[in-house]
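**Q** Structure of the sequence below:
(one chain, ligands or ions: 3)
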Amino acid sequence: MTSTTTGAGDDVLVVGADLAGAGPADLLIRDGRFADPSEAGPDVRRVDAYGLVALPGLVDLHTHLREPGREDAETVATGTAAAARGGFTAVLAMANTSPVTDTAEAAEHLLEAGRTHGSAQVVPVGAVSKDLAGEELAELGLMARSAARTRFFSDDGRCVADGRLMRRALEYVRAFDGVVAQHAQDPRLAGREACCDEGPVSGRLGLPGWPAVAEAGIVARDVQLAELTRSRLHVCHVSTAETVDVLRWAKGRGVPVTAEVTPHHLLLTVDELVGYDPTYKVNPPLRSAEDVAALRDALTDGTIDAVATDHAPHARHDKEHAFVDAAFGMVGLETALAVVVETMVRPGALGWSGVATRMSSVPAHIARLGGQGRPLAVGEPANLTLVDPERRAVVDRADTASLSRNNPWHGRDLPDPVVATWWAGRPTYAR
Ligand SMILES: NC(=O)N[C@@H](CC(=O)O)C(=O)O
Ligand SMILES: [Zn+2]
Ligand SMILES: [Zn+2]
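**A** Ligands and ions are numbered 1, 2, ... in the order given. Next up, the predicted model:
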């Protein structure tokens, strides 16, 4: 393997003369693992990585696959095909399906669907509360002991608002090194109608406001519960500078908390809402330019640990309504790396090693996925994303593997980095 590292970290391999001064390079794969050139033989596959950046397969902590229940919007097959096109080799599938993933049987069923129809590893997320109702704990222990080996629990879409239930969930998952991922939205401060960052724009547009305190307040409570219980908390889709401040405080105290930011919160602002286009309706809402800057800084310095897509496909008839009546959410798997390259890599706020950390190794570690997010080294599982750092394209929402078209990047000129994806030694996407 005539390849070399970037010098920025061993987890990223930059291959090829023009990037790293090395010669033309191949990656070798045998039996689903990276192989040594000395092993060359008929059963060894050769991946031409000349001139490209090789990243460990990306891991998404936050995907909505919509199966079971809303297969008109997305399925395991189409959602993981979109994941592969985006460079992902594993996705955590949120529990807000119909029925909810709140039992061992439901988690095992989804696991099996992933094994049968997936173009990426499907990791079922377990609900925290039965039917996401926020009242009784779901079967956390049974899900953890099931074939799905659930370690990541979330009522995402709903906030675990009851502090006592949140405390009990944290105490419970500690026994098996689980993590509770919170959709931080105080329902008394930001109810289901809240759909626009509360500020000058919400006033001008006459849209119900979603104040920053509704997020930061829940996170402030939850980091203290994580400290009290010495149990792992993960904060989903952080959207405000105030939440970043709380996370920085908590991490300074050594609280076991991790957090994610979505690509859309790294680039888009509340100003997108002026045309009342429901494509930009998402939870939590798009915020101010100051929030965007704080989120980027937090991702650079590690206050925010990971990028996660919150890929939230919706059928046309759920999205094409007046803004206040439309469903919350936007697709994101296929464009996530593009937006991270645009917002973080090109401005110099993150190197390729940082991309590998924030989009592969750290999310894999948070979810306790053994075979994902590993360094690109001989003997490791061949989960690989090949990237062309220079290529750009105009995003077309029709050019997708997803069943849904609620794509906020439609018509934008963005990087188009993903060249090929390999999952466990199998090609799952090639341009
Ligand atoms: N993000 C969204 O706006 N919607 C998500 C739920 C969620 O992540 O809260 C969905 O399931 O559609
Ligand atoms: Zn959410
Ligand atoms: Zn979500």
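**Q** Give me the next element, helix or strand, following the helix or strand containing Leu170.
**A** Using DSSP states H and E, Leu170 maps to helix 163-174. Counting by DSSP H and E, the next helix or strand C-terminal to helix 163-174 is strand 179-182.
**Q** Note down every partner strand of that next one and its orientation.
**A** Paired neighbours of strand 179-182 in the sheet (DSSP bridges): strand 152-154 (parallel), strand 232-235 (parallel).
**Q** ok, back up a step: who touches the helix holding Leu170?
**A** For helix 163-174, contacts defined as Cβ atoms under 8 Å, 6 or more residues apart in numbering pick out 128-129, 134-135, 137, 140-141, 144, 151, 153, 160, 178-180, 182, 221-222, 225-226, 228-233. All C-beta spots, glycine's among them, are computed from the backbone N, C-alpha and C.
**Q** Distance from the chain centre to it, please.
**A** In terms of Cα atoms, centre = their mean, to the nearest Å, the centre of helix 163-174 is found 23 Å from the chain centre.
**Q** Would you mind writing the CA trace of that helix as PDB?
**A** Provided in PDB are the C-alpha atoms of helix 163-174 (Å, rounded to 0.1, in the frame of the first residue of the first chain):
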ATOM      1  CA  GLY A 163     -36.800  15.200  35.200                       C
ATOM      2  CA  ARG A 164     -37.600  12.200  37.300                       C
ATOM      3  CA  LEU A 165     -38.100   9.900  34.300                       C
ATOM      4  CA  MET A 166     -34.900  11.200  32.700                       C
ATOM      5  CA  ARG A 167     -33.000  10.500  36.000                       C
ATOM      6  CA  ARG A 168     -34.400   7.000  36.100                       C
ATOM      7  CA  ALA A 169     -33.400   6.400  32.400                       C
ATOM      8  CA  LEU A 170     -29.900   7.600  33.100                       C
ATOM      9  CA  GLU A 171     -29.600   5.400  36.200                       C
ATOM     10  CA  TYR A 172     -30.900   2.400  34.300                       C
ATOM     11  CA  VAL A 173     -28.600   2.500  31.200                       C
ATOM     12  CA  ARG A 174     -25.500   3.000  33.300                       C
END
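**Q** Can you flag which of the contacts of helix 163-174 belong to strands?
**A** Counted as lying in strands by DSSP state E, out of the contacts of helix 163-174, are 153, 179-180, 182, 232-233.
**Q** residues of the helix holding Leu170 that come out buried?
**A** Using 16 or more other Cβ atoms under 10 Å as the test for burial, helix 163-174 gives 165-170, 172-174.
**Q** Could I get the full set of helices for this structure?
**A** Per DSSP state H, the chain carries helices over the ranges 17-20, 76-85, 104-117, 140-145, 163-174, 200-205, 213-229, 241-252, 263-267, 289-301, 316-319, 336-340, 352-356, 362-366.
**Q** interface residues of the stretch 151-300 of the chain facing ligand 2?
**A** By Cβ under 5 Å from the ion, the residues of the stretch 151-300 of the chain that approach ligand 2 are 156, 183.
**Q** Nearest residue to the residue in the stretch 151-300 of the chain that ligand 2 sits nearest to in space, please, no chain neighbours.
**A** Ligand 2 sits closest to His183 of the stretch 151-300 of the chain, with a gap of 3.6 Å, by Cβ to the ion. Nearest non-adjacent residue to His183, counting by Cβ to Cβ, 6 or more residues apart in numbering: Asp156, 4.6 Å away.
**Q** Could you verify my assumption that that neighbour touches Ala181?
**A** Yes - contact criterion Cβ atoms under 8 Å: Asp156 and Ala181 qualify, at 6.7 Å.
**Q** list the residues that contact both of those two?
**A** Common neighbours of Asp156 and Ala181, counting by Cβ under 8 Å, 6+ apart, are 125, 236.
**Q** between the two, who's got more neighbours?
**A** Set Asp156 next to Ala181 and count neighbours by other Cβ atoms under 10 Å: Ala181 wins out with 31 against 25.
**Q** Contact partners for the more buried one?
**A** Ala181 neighbours (Cβ under 8 Å, 6+ apart): 61, 125, 152-154, 156, 233-236.
**Q** go with 7 Å
**A** Taking Cβ atoms under 7 Å, 6 or more residues apart in numbering as the criterion, Ala181 is in contact with 152-154, 156, 234, 236.
**Q** per-residue pLDDT, Ser3?
**A** Note for Ser3: predicted pLDDT of 40.
**Q** Just the closest residue of the stretch 301-431 of the chain to ligand 3, please.
**A** Closest point on the stretch 301-431 of the chain to ligand 3, by Cβ to the ion, is Asp310, at 4.4 Å.
**Q** looking at it, that residue is touching Gly332, isn't it?
**A** Yes - under the criterion of Cβ atoms under 7 Å, Asp310 makes contact with Gly332 at 6.3 Å.
**Q** Need the overlap of contacts for these two.
**A** Both Asp310 and Gly332 are in contact with Thr262, where contact means Cβ under 7 Å, 6+ apart.
**Q** Now do stretch 327-342: distance from first to last residue.
**A** Terminal residues of stretch 327-342 lie 27 Å apart, using Cα to Cα, to the nearest Å.
**Q** pLDDT on it, on average?
**A** Summarised as a single mean, pLDDT over stretch 327-342 is 98.
**Q** Just the pLDDT at the closest residue to Thr101 other than its chain neighbours, thanks.
**A** Take Thr101 and drop its neighbours on the chain: the residue closest to it by Cβ to Cβ, 6+ apart is Ala95, 3.9 Å away. If you check Ala95, the pLDDT there is 99.
**Q** go on, Ala20?
**A** Turning to Ala20, the model gives it a pLDDT of 38.
**Q** Can you give the distance from stretch 276-292 to the centre of its chain?
**A** Mean-position distance between stretch 276-292 and its chain equals 17 Å (Cα atoms, centre = their mean).
**Q** Please consider this matter closed, and thank you.
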